[in-house]
Every structure is written in C-alpha cells, then in structure tokens.
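J.: prediction below, plus the sequence it came from.
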Amino acid sequence: MTSISPEVCIRIKEARRKAGISQSILASEVGCKQSALSMFEQGQPTKLNTEVVEKIAKKLGVDLKPVTEAEKITPVVFSPHEGFCPNPKCPSNRPYQVDGKTLYQPDRVAADPMGGKYCAICGELLERRCPNCGGIIHAGAVCSFCGEPYIVSA
Ligand SMILES: [Zn+2]
Ligand SMILES: [Zn+2]
C-alpha cells in the first residue's frame, strides 16, 4: 500500500482541473463521495481509500510517487499566540502586484496578550488556516489547496 502525501493530493487536484473534470463527475466515475474527494484535494489523503486514489491517478495520468523537494510545501506553523492578519490594510501584510492584481504576502503576527485572538497591530481577528478552505498556511500569498489568496484586497 502506497502512502499518499498531501502534496500528491494537490497534484491530483491540479490534474483534475487541467482535465476540466468536476469533482462530482470524477467522484461518481471512481465510486467515492464528492465531499470526500473535496477534502482529499485539500490535503487530507486519508479521506479516500488507496484503491480509489489509484483509480483517479490512472484516469488523470498522475504519478503517486512521493514528491520531489521542490514540490514540497512547508507549512507555516503558528504558535497559539500568533497567526496572520486577514486585514489587507494591516502593516503586517506586504502588498505586491501580479498581473495588475494586488496580492499580500501574509506575515506571522503576534496576537494581543489579553485575548490571544486579535492582531496586536490592527485589532483584526487573526487567522491560522486558509480563510477559504481551511488548508494549512504555507509561504506565498495564494493558497495551494484552493487557489484563493489568503488576504483579499478591499
Ligand atoms: Zn493586523
Ligand atoms: Zn485555501
């Protein structure tokens, strides 16, 4: 039995999108629930059994071998008293332009010493996971799991 890494989940998600197949269609073809496939694609390999994953991989032409160093995602691990600030105006976030859009590179910020939930700089409620899909945070401005930016400009 192959153990599937979270990076392989992303590889499968990207291959499915490229092939233009929706989660529900793929799920019905391989015999799993769309909800399980969705969670799998968000980096939870245990949501599908190996047999189903192998069927999907074969269908999409995805290699299930462990990923190379370059493909590895290093999660940002927050302590209980920090997170990132989803407020685009907060000075903790560094804006930059890509294709005419403003993206923000989130930075690790300390939470207020009292509640431990709010940005110590601007007072916004801190996030520790992707606000869109709940995926782990890693370096960069855009979530690798759902493709949405971590911080949406106003
Ligand atoms: Zn802030
Ligand atoms: Zn996400």
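T.: Arrived safely. Ligands and ions are numbered 1, 2, ... in the order given.
J.: now stretch 76-85: how far from the chain's centre is it?
T.: Here the centre of stretch 76-85 is set off from its chain's centre by 16 Å, with Cα atoms, centre = their mean, to the nearest Å.
J.: tell me if that stretch is near ligand 1.
T.: Yes - if you take Cβ under 5 Å from the ion as the test, stretch 76-85 does meet ligand 1, through C85. Glycine gets a C-beta too; all of them are placed from N, C-alpha and C.
J.: tell me how far the ends of that stretch are from each other?
T.: Terminal residues of stretch 76-85 are spaced 14 Å apart (Cα to Cα, to the nearest Å).
J.: mind checking what secondary structure the residue of the chain most remote from its centre has?
T.: The centre of the chain is farthest from one residue, M114, which by Cα atoms, centre = their mean lies 29.6 Å away. Recorded secondary structure, M114: coil (DSSP: H, G, I helix; E, B strand; the rest coil).
J.: okay, it and G20: tell me how far apart.
T.: Distance of M114 to G20, computed by Cβ to Cβ, to the nearest Å: 50 Å.
J.: residues from this protein in reach of ligand 1?
T.: Counting by Cβ under 5 Å from the ion, the chain comes close to ligand 1 at 85, 87, 90, 119, 121-122, 124.
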